[in-house]
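Q: quick one: sequence plus predicted model below, questions after.
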Amino acid sequence: MRIVVLSDTHAPRRWKSCPAAVATELRGADQILHAGDVCTADVLKELSGYAPVRAVVGNNDGPDVAAWGAEPTLQFELAGLNVAMIHDSGQKEGRLARLHRMFPGADLVVFGHSHIPLDASDARLRIFNPGSPTDRRRQPHGTLGVLEIDAGVLVEARLVEVG
């Protein structure tokens, strides 16, 4: 299963429509995860044209994002892998332990908010922030994430530069 992970698209200020480099990655996705700060449900509707979308609400999201179906947190299974999502994971210090306490059954927690891409793990949990494809802030490039899952195993997690 090929999953594309996005966060912090900040439409319409930063995302007028799907950037070409993002669309390239979305083609062939089995599912899309958006870790919040979509800012308008129109982005989620646009993404749904590529693959089924799951999203969490970010601190900049309007009521239309929640009305679309985004929730504060999500927990679900993807190809046998237990996944959780939240927008803001809190401060950097103690993040892995804190997210493990919040989502004790998760194998992977996807989050956003910082716009800083991150792929980290310990013996119990892997955490993944795709960064932002459209609002890189202090990062050298816009980014998104691609996850490959097979039979309950996260085979690959990679950050992709898109701008």
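A: Here it is on my side, so go on.

Q: wasn't Leu144 part of a strand?
A: Yes - checked against DSSP: H, G, I helix; E, B strand; the rest coil, Leu144 lies within a strand.

Q: distance check, the residue of the chain most remote from its centre against Gly28.
A: What lies farthest from the middle of the chain is Ala123; by Cα atoms, centre = their mean that is 21.9 Å. Relative to Gly28, Ala123 is positioned 33 Å away (Cβ to Cβ, to the nearest Å). Any C-beta I mention is one placed from the backbone N, CA and C, and that applies to glycine too.

Q: related to what we said a few turns ago, what strand or helix carries the residue farthest from the centre of the chain?
A: Using DSSP states H and E, Ala123 falls within no helix or strand.

Q: heads up, I number from 43, so please use that
A: Sure thing, new numbering starts at 43, so read that last one as Ala165.

Q: what about it, distance to Ala71?
A: From Ala165 to Ala71 the distance is 30 Å (Cβ to Cβ).

Q: can you check Arg200 too?
A: Distance, Arg200 to Ala71, using Cβ to Cβ: 14 Å.

Q: neighbour count: these two, which is higher?
A: Shown here are Arg200 and Ala71; by other Cβ atoms under 10 Å, Ala71 has more neighbours (20 against 13).

Q: please, where are all the helices along the protein?
A: Secondary structure of the chain (DSSP state H): helices at 62-68, 83-89, 105-110, 137-144.

Q: name the helices or strands packed onto the longest one?
A: What it means is helix 137-144. strand 123-128, strand 160-163, strand 168-171 (3 or more Cβ pairs under 8 Å, 6 or more residues apart in numbering; DSSP states H and E).

Q: and of these, who's closest to Asp50?
A: strand 168-171 (9.3 Å; Cβ to Cβ).

Q: helices or strands next to the closest one in the packing?
A: Here strand 168-171 touches helix 137-144, strand 150-152, strand 160-163, strand 185-192, strand 195-203, going by 3+ Cβ pairs under 8 Å, 6+ apart.

Q: would you reformat the helices and strands packed on helix 137-144 as a markdown table and include distance to Leu48 and mean pLDDT?
A: Output for these, formatted as a markdown table (distance: least, Cβ to Cβ, whole Å; pLDDT from 0 to 100):
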| stretch | distance to Leu48 | mean pLDDT |
| --- | --- | --- |
| strand 123-128 | 11 | 98 |
| strand 160-163 | 14 | 97 |
| strand 168-171 | 11 | 98 |
